[in-house]
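**Student:** got a structure for you, letters missing:
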């Protein structure tokens, strides 16, 4: 029996109302009367007849209600989260819900009782007829429970599919959750199928609330069930998630969802609970198709010159992880063919993905493809590296994304073979060395086939981030970061080997060195050309299988010229964009004065006698050369100025005090040092202690001095004190009177101090000591120095005086 529509129920209601209306008209219009009906109604025993009708009505109504209650009370079946009883009595009817009908039936009994009492004969007959019709509807609907179970299930399914709401979906998910623990798999499959159809309809109708509910529910369901449910049921759930992604990826309804982002950690845990053989044999879940759907569902936003993935952030690692589990080393012999097919599927997906002309997916494609090839290296799977990739890699070098992946593979293999100490002596190192040797011919071709400049320009940052994430680490101890250095070395050697033009090589170096060619020149040419030539020849022998000395000097000269150009460009850029103007230097001088005043107050936190006459005045001087924008823009020079000035000033304070205190010299083995020191200083009524109060930690009463100086001012300067002092500050005057700071420009007379070389009318200068110096004309160089370097002279003038020859006591400990 199909579900009644609203139109059908309205027809029934209209029929009832029409019957009542006709009966009413019949009773009011004499010409409409039919004789035999009147004889029945107005016969001598009509009151008894109507009473009998009333009795029959009440009995039938009560009996039908009772039968319905008994039958539906025993029906506990639930289909798709919808209870059968609830469906029959509430959901299936639209107007004639059982609750409403039963109430109406009871009202009809009461109304008929009133009609009989008032001898409204026609009305009583009307009510009786309507009541019987209501009972018929109730019984007919209840008979639905006796239909075939499949028919009932199908009807409820259709109802939910066409009338779904948040509450229905919540009930459906709850039902699916319970079915995950049931023995029968069929209800679970049916539940997932219905959920997919609802999701498809919601996507087509853009029902965001339902879409979000289903995605979140599937995520929660997987996270809760994957660890304590039968594997085949978890695979069913994963298949449903895969289908949801497939529906989301349909061109006419494409939308981006985030189920994978919520479950990828639990998914990885789940894979660890099954063996590779189980995973390869399982036909309930298509890992390959799932990966494709994840990739297709990625979304992006453009920010700071690159496309950033908005969801499925780890989709690019999916295949690599599957490969790690399924095709792990020494685990492919039993089903080698299946493993081989999976590797090929993964490879061909990535190779087609990276070939697509889509800038927004470029980073994901390079990362995913690179991670897959890295995993082949880590698994020492030379056969598949060669068969799937190396044998035809040169055919794709015109694609800069493919070229980026090749460079990443080569650098990683080179890093393992010759640079990473953590793999020394291991099989992976020997494998990498053999791989590099077998690639020598291909690398030589790749150097001239690849567009290194464009690869670095377009994908340099991606390449660097990718390789840095492949660095090997020891969890037990710290290690030197190696990968970054290896990457720079390999890229620089490849560029030197490839490019004959200074400009081409310079363009590459800008990306290789991240613009810092001063450091690069210092790294490779700190001791002349010999170190670079030796290292470059080692690289040639390892990567290419030969060394070429005949052209070496040209390559070195080209590199030097390119670096020299880069060093000068960087220095000029700093001068133009960050010049040390008069305003900047003035502000810097004020900052130094402020910090110095603060430092002086820290040195002398107690107040010397302001009324004590200061009869001597001296000064300390500090000179700082080559103060550049880095110094001015940071605090390290300020900190150094304050530290050095403070130490010098404190040293002068200690020297002055040393001439006006009674010095007590005791050996460190003397256990009465504290008593003697306190006794000697007491006559001076000290109020300031200078030095380390913890000096006597080894003595029995180590806190004697600490207790004595508890109420005094204490000074324990970081530069250290030669002695301990207990003094009366009222007898001492010591204060900083003035601070003078001056800035000077560099002139031609300072060229020698700056290690500037002259050759004819050209001058060669570099900010760093060593490396390659840039060439300047004299005026050009003086202008550069004026904008980038300053000399600073600092003078701190102080005054001091003493009211007495001795102002306290000093303890000098002689260590044996």
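**Tutor:** Arrived safely, thanks for sending. None of these values were measured; they are calculated from a predicted model. Residues are numbered from 1 along each chain as shown.
**Student:** going forward, measure contacts between C-alpha atoms and count neighbours the same way
**Tutor:** Will do.
**Student:** Tell me the backbone dihedrals of residue 796, please.
**Tutor:** Residue 796 adopts backbone torsions of phi -110, psi 110, taken as degrees, to the nearest 10.
**Student:** residue ranges of the strands in the stretch 701-816 of the chain, please?
**Tutor:** 713-715, 724-727, 732-744, 757-759, 762-765, 774-777, 790-802, 808-814 (DSSP state E, counting those that start in this stretch).
**Student:** looking at those, which one has the lowest mean pLDDT?
**Tutor:** Looking at the strands of the stretch 701-816 of the chain, the lowest mean pLDDT belongs to strand 713-715 (a mean of 80).
**Student:** That one pairs with which strands, parallel or anti?
**Tutor:** Strand 713-715 pairs in its sheet with strand 688-690 (parallel), by DSSP bridges.
**Student:** Touching the strand it pairs with from outside, list them.
**Tutor:** 606, 709, 712-716, 721, 724-729 (CA atoms under 8 Å, 6 or more residues apart in numbering).
**Student:** again, only this time at 7 Å
**Tutor:** 709, 712-716, 724-729 (CA atoms under 7 Å, 6 or more residues apart in numbering).
**Student:** Separate out the buried members of those.
**Tutor:** 709, 713-715, 724-729 (16 or more other CA atoms under 10 Å).
**Student:** Tell me how far stretch 186-193 lies from the chain's centre.
**Tutor:** 36 Å (CA atoms, centre = their mean, to the nearest Å).
**Student:** Low-confidence stretches in the stretch 551-700 of the chain?
**Tutor:** 602-612, 696-700 (pLDDT under 70).
**Student:** if I look at residue 796, how far off is residue 614?
**Tutor:** 16 Å (CA to CA, to the nearest Å).
**Student:** who has more neighbours, these two?
**Tutor:** A side-by-side neighbour count of residue 796 and residue 614, using other CA atoms under 10 Å, places residue 796 first with 22 against 18.
**Student:** which two in the buried ones among the contacts of strand 688-690 are spaced the farthest apart?
**Tutor:** 724 and 729 (14.9 Å; CA to CA).
**Student:** what's the closest non-adjacent residue to residue 617?
**Tutor:** Excluding the flanking residues, the one nearest residue 617 by CA to CA, 6 or more residues apart in numbering is residue 799, at 4.4 Å.
**Student:** how much space between the one you found and residue 652?
**Tutor:** From residue 799 to residue 652 the distance is 11 Å (CA to CA).
**Student:** Residue 692 now?
**Tutor:** In terms of CA to CA, residue 692 sits 18 Å off from residue 652.
**Student:** confidence score at residue 427?
**Tutor:** 94.
**Student:** And for residue 423?
**Tutor:** 93.
**Student:** Is it in contact with residue 430, as I believe?
**Tutor:** No: Residue 423 is beyond contact range of residue 430, at 9.3 Å (criterion: CA atoms under 7 Å).
**Student:** rewinding a little: quick one: closest of the strands of the stretch 701-816 of the chain to residue 373.
**Tutor:** strand 774-777 (42.0 Å).
**Student:** what does the closest one rub up against?
**Tutor:** Residues from elsewhere that reach strand 774-777 (CA under 7 Å, 6+ apart): 564-565, 567-568, 761-766.
**Student:** Could you work out the most separated pair of those residues?
**Tutor:** The widest separation within those (CA to CA) is 19.5 Å, between 567 and 761.
**Student:** so residue 744 makes contact with residue 792?
**Tutor:** Yes: applying CA under 7 Å, one finds residue 744 in contact with residue 792, separated by 6.4 Å.
**Student:** between those two, which one's more packed in?
**Tutor:** Legend: neighbour count by other CA under 10 Å for residue 744 and residue 792, higher for residue 792 (18 against 13).
**Student:** which ones are touching the more buried one?
**Tutor:** 623-625, 741-744.
**Student:** Report the two of the residues you listed separated the most.
**Tutor:** 625 and 741 (13.3 Å).
**Student:** Show me where the stretch 601-750 of the chain has its helices.
**Tutor:** 629-633, 636-658, 673-681, 704-708 (DSSP state H, counting those that start in this stretch).
**Student:** Out of these, the one nearest residue 781 is which?
**Tutor:** Nearest to residue 781, of the helices of the stretch 601-750 of the chain and by CA to CA, is helix 629-633 at 16.7 Å.
**Student:** Packing partners of the closest one?
**Tutor:** Counting contacts by 3 or more CA pairs under 7 Å, 6 or more residues apart in numbering; DSSP states H and E, helix 629-633 packs against no other helix or strand.
**Student:** what's in contact with it?
**Tutor:** 578, 580, 588, 637, 788.
**Student:** what's near enough to touch the first one?
**Tutor:** This points to residue 578. residue 629.
**Student:** so how far is residue 590 from it?
**Tutor:** Applying CA to CA to residue 578 and residue 590 gives a distance of 19 Å.
**Student:** buried stuff in the helix or strand hosting residue 292?
**Tutor:** Using DSSP states H and E, residue 292 falls within helix 287-296. Across helix 287-296, burial judged by 16+ other CA under 10 Å covers 287, 290-296.
**Student:** Same list, those residues, but as TSV with pLDDT and distance to residue 815 please.
**Tutor:** As requested, the buried residues of helix 287-296 are exported to TSV (pLDDT from 0 to 100; distance: CA to CA, whole Å):
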residue	pLDDT	distance to residue 815
287	70	76
290	79	77
291	73	74
292	73	77
293	79	78
294	78	74
295	73	74
296	76	77
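**Student:** and which of those residues is nearest residue 406?
**Tutor:** Nearest member of the buried residues of helix 287-296 to residue 406, counting by CA to CA, is residue 295, at 21.7 Å.
**Student:** Contacts only, for residue 746.
**Tutor:** 785-786, 790.
**Student:** Can you pull the phi/psi pair for it?
**Tutor:** phi -80, psi 140.
**Student:** Show the model's pLDDT score for it.
**Tutor:** Model confidence at residue 746 (pLDDT) stands at 89.
**Student:** repeat for the one 10 residues further on
**Tutor:** We have a pLDDT of 90 for residue 756.
**Student:** number of nearby residues for it?
**Tutor:** 17.
**Student:** Return the residues in contact with it.
**Tutor:** Counting by CA under 7 Å, 6+ apart, residue 756 touches 763-765.
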